[in-house]
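Trainee: Based on what follows, work out the 3D shape:
(one chain, ligands or ions: 3)
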Amino acid sequence: MAMKVDKRTHLTIAYTILTVLLFLFMHNYLGSPVDNIPYSEFRKKVAEGKVAECVIGSETISGKLRPPESGFVTVRVEDAELVEVLMANGVEINGAQESTWLTTLLSWILPAVFFVGIWMFMARRLGGGSGGLMSIGKSKAKVYMEKGTGITFQDVAGIDEAKEELQEVVEFLKTPGRFQALGGRIPRGVLLVGSPGTGKTLLAKAVAGEAGVPFFSLTGSDFVEMFVGVGAARVRDLFEQAKKHAPAIIFIDELDALGKARGISSIGGHDEREQTLNQLLAELDGFDTNAGIILMGATNRPEILDPALLRPGRFDRMVTVDRPDKKGREAILKIHSRGVKLSADADLRDLASRTPGFAGADLANVINEAALLAARRGKQEITRDELAEAVERAVAGLQRKSRVLNEKERRIVAYHEAGHAIVGELLPHANPVIKISIIPRGVAALGYTMNMPTEDRYLMTREELTDTACALLAGRASEEIVFGEVSTGAANDLQRATQIAENMVKEYGMSQALGLVSHREERNPQFLGMPAADRNYSEDTARQIDIEVRQIIAGCYERSKELLHEHRQVLEEVVKVLWEKETMEGEELRRLLRGEEAQSASQEEALTPAPAPEDQLSPEPR
Ligand code: ADP
Ligand code: MG
Ligand code: ZN
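Mentor: Ligands and ions are numbered 1, 2, ... in the order given. Predicted coordinates:
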């Protein structure tokens with residue numbers, strides 16, 4: 001860095017000197033003190049014999065006057081007798097001599113050089129700190145490589161699932177040969193997806209550090225302001241260099257800046273980005289995995305990526321990097337307080353419980369801020385007070401960006417997610433719950449309930465569809481039961497449930513009233529998102545469809561509410577766990593539900609004969 005600043009300073013000084021010289025030159029040579037006299041006076045002076053010599057230029061006549069040696073200049077006027085008169089008066093005549101090579105050089109080339117200089121200076125700035133325009137030609141020599149990142153998994157905490165998934169990549173990079181011998185499917189491109197500051201860049205570096213391989217990196221946003229062609233050249237270069245140093249990691253940070261879907265970009269397009277993206281795609285296809293190169297990318301907006309990037313053989317594996325839960329936050333705080341002095345009363349666990357929704361970078365920031373505060377106050381150690389104040393500041397900042405929720409919002413989210421999870425688990429045909437979380441994920445989701453993936457399901461029965469819709473509506477149902485009101489957080493759930501119900505009625509012929517008819521609307525692919533124009537059914541049918549859809553939704557909603565009323569105890573328990581730990585495994589939820597069953601069974605046994613199994617099933621609505 002220091003070198004770069006030096007260079008820039010030199011340049012600035014050089015240009016300043018050049019400018020001064022230029023002005024001096026113009027003043028002394030071009031603008032030497034001369035009298036500007038009218039032509040008539042010039043003729044008079046010639047006649048009086050006062051002109052010693054003159055230079056006739058194309059537009060001016062200049063020269064020297066006789067007794068006191070002084071210069072003059074006058075406008076040249078069309079005057080046929082002039083030469084004769086001059087000769088007659090013994091004036092020495094010279095041809096147009098203004099443009100000697102020196103004057104030409106100085107008056108034209110110097111300014112040209114000057115402006116080219118300014119242009120290059122600007123171009124260099126535009127090109128960004130690393131490289132810039134001047135280095136296109138010699139970009140071969142440019143190094144994107146970090147030999148050893150010096151970062152290992154030890155420096156990363158709170159995202160254990162992502163770490164686990166990347167362990168395989170580490171294994172492969174360590175011993176590519178052995179991995180292939182075992183017939184392992186070699187990962188090719190891994191895309192890290194997560195909110196800003198969750199540690200994606202850190203994690204990629206840690207993978208390189210763990211495997212002990214060089215780390216080549218580029219940042220997508222670097223290309224946005226560059227000149228056409230530079231980005232593509234850099235990408236080509238990057239891959240070339242990485243291949244020479246294999247096994248290695250190529251990391252492309254902020255992939256979304258580069259890999260925005262083509263065609264949906266800004267008006268006027270962005271040639272440079274597109275070219276770079278195309279080059280990247282070409283390189284992705286061009287190298288074979290046996291080369292021992294793993295491609296990693298990071299983005300916080302996977303939904304806007306060009307689908308071409310996500311195709312098999314490219315970034316075909318996604319690893320989610322979530323915000324940490326309470327335990328994770330404590331671990332991250334521990335890592336970042338390694339280098340600072342904490343007083344005995346500083347309690348990191350307590351700090352972790354007061355920072356819900358914080359990402360790793362936010363936590364690192366808190367420690368940093370606290371250290372600064374302590375220093376400003378002249379303390380030797382960071383005490384509880386500084387930590388508390390740092391957290392307060394961070395919370396205020398994040399709340400402004402609406403990234404952390406207040407207590408009431410968090411309670412609503414907890415009941416909402418618990419509702420999804422319990423109903424999803426109780427209904428036999430909904431997908432089993434894997435994990436419940438009230439840690440905000442991404443921009444939109446305040447919490448989430450993760451179910452078994454349904455991607456490989458092409459056939460779903462009517463029961464599976466309704467159960468899924470019920471689970472989707474259960475979040476809202478839970479809010480209504482507990483708070484008596486509903487929040488806006490359920491909008492997406494409602495949309496998805498409605499979609500399912502509509503599909504059941506319109507496409508799958510699962511409605512008794514409408515029967516086995518497909519009312520699917522033909523969508524004109526060119527106008528996606530526009531209301532479908534050509535539907536093949538009448539107004540009357542449309543009304544009937546609406547009624548049917550509404551009935552399905554209402555039935556599901558009622559059923560969810562009933563189930564939650566019935567299992568209110570479990571609902572409270574789940575919320576309690578979520579409140580404390582922020583996440584809950586599906587297995588734990590099932591244990592709670594079984595526990596309740598066992599409990600209620602033993603209670604009822606004491607009072608009444610064992611209930612028939614059918615009684616425990618909630619009755620179907622309708
Ligand atoms: P991202 O790339 O996801 O935006 P970064 O990797 O740039 O986030 O994280 C910025 C900094 O925040 C890191 O350098 C590190 O100091 C800290 N940090 C973020 N996540 C973690 C984590 N999971 N564990 C430890 N430190 C973290
Ligand atoms: Mg990053
Ligand atoms: Zn929901």
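Trainee: C-terminal to the helix or strand where Ala542 lies, what's the next element?
Mentor: If you go by DSSP states H and E, Ala542 is part of helix 539-566. Using DSSP H and E, the helix or strand that follows helix 539-566 in sequence is helix 568-581.
Trainee: Does anything pack onto that next one? Which helices or strands?
Mentor: Secondary-structure packing of helix 568-581 (3 or more C-beta pairs under 8 Å, 6 or more residues apart in numbering; DSSP states H and E): helix 326-336, helix 407-426, strand 433-437, helix 462-483, strand 583-585, helix 586-607. Backbone N, C-alpha and C define where each C-beta goes, glycine included.
Trainee: just how off-centre is it within its chain?
Mentor: 35 Å (C-alpha atoms, centre = their mean, to the nearest Å).
Trainee: ok, and what's touching stretch 572-581?
Mentor: 325-327, 410-411, 414-415, 417-418, 421-422, 436-438, 584, 588-589, 592 (C-beta atoms under 8 Å, 6 or more residues apart in numbering).
Trainee: Ligand 3 contacts on the stretch 451-600 of the chain?
Mentor: Contacts of the stretch 451-600 of the chain with ligand 3, taken as C-beta under 5 Å from the ion, map to 475, 493.
Trainee: and the residue in the chain that ligand 3 sits nearest to, how many neighbours?
Mentor: Residue nearest to ligand 3 within the chain: Gly475 (3.4 Å; C-beta to the ion). Neighbourhood size, Gly475 [other C-beta atoms under 10 Å]: 29.
Trainee: how far away is it from ligand 1?
Mentor: 28 Å (C-beta to the nearest ligand atom, to the nearest Å).
Trainee: Would you mind listing what in this structure touches ligand 3?
Mentor: 475, 493.
Trainee: Which residue does the stretch 151-300 of the chain have closest to ligand 1?
Mentor: Relative to ligand 1, the nearest point of the stretch 151-300 of the chain is Gly199 (2.6 Å; C-beta to the nearest ligand atom).
Trainee: Run through the residues that contact that residue.
Mentor: 156, 158-159, 321, 359-361.
Trainee: Show the pLDDT at it.
Mentor: Gly199 is assigned a pLDDT of 94 by the prediction.
Trainee: Leaving out sequence neighbours, find the closest residue to it.
Mentor: Nearest residue to Gly199, sequence neighbours excluded (C-beta to C-beta, 6 or more residues apart in numbering): Gly360, at 4.4 Å.
Trainee: surely the one you found meets Ala331?
Mentor: No - with contact defined as C-beta atoms under 8 Å, Gly360 does not count as touching Ala331 (9.9 Å).
Trainee: So which of these two has more stuff around it?
Mentor: Remark: of Gly360 and Ala331, Gly360 carries more neighbours, 28 against 19, as counted by other C-beta under 10 Å.
Trainee: And the pLDDT at that one?
Mentor: pLDDT at Gly360 comes out at 94.
Trainee: residues touching the residue of the chain closest to ligand 3, list them.
Mentor: 416-417, 419-420, 489-490, 493.
Trainee: need the residues of the chain near ligand 1, please.
Mentor: Residues of the chain lying near ligand 1 by C-beta under 6 Å from any ligand atom: 156-159, 194, 196-202, 298, 332, 335, 360-361, 364.
Trainee: helices and strands of this protein: which one has the lowest mean pLDDT?
Mentor: helix 613-616 (a mean of 33; mean pLDDT, DSSP states H and E).
Trainee: residues in contact with stretch 80-91?
Mentor: 43, 46-47, 49, 51-54, 56, 63, 93.
Trainee: Roughly how far does Gln551 sit from Val505?
Mentor: Distance from Gln551 to Val505, counting by C-beta to C-beta, to the nearest Å: 9 Å.
Trainee: Comparing the two, which residue is more hemmed in?
Mentor: The residue with more neighbours, out of Gln551 and Val505, is Val505; 23 against 16, by other C-beta under 10 Å.
Trainee: Just give me how far the helix or strand that one falls within sits from the chain centre.
Mentor: Here Val505 sits within helix 491-506, counting by DSSP H and E. In terms of C-alpha atoms, centre = their mean, the centre of helix 491-506 is found 31 Å from the chain centre.
Trainee: Next, the buried residues of that helix.
Mentor: 493-494, 497-498, 500-502, 504-506 (16 or more other C-beta atoms under 10 Å).
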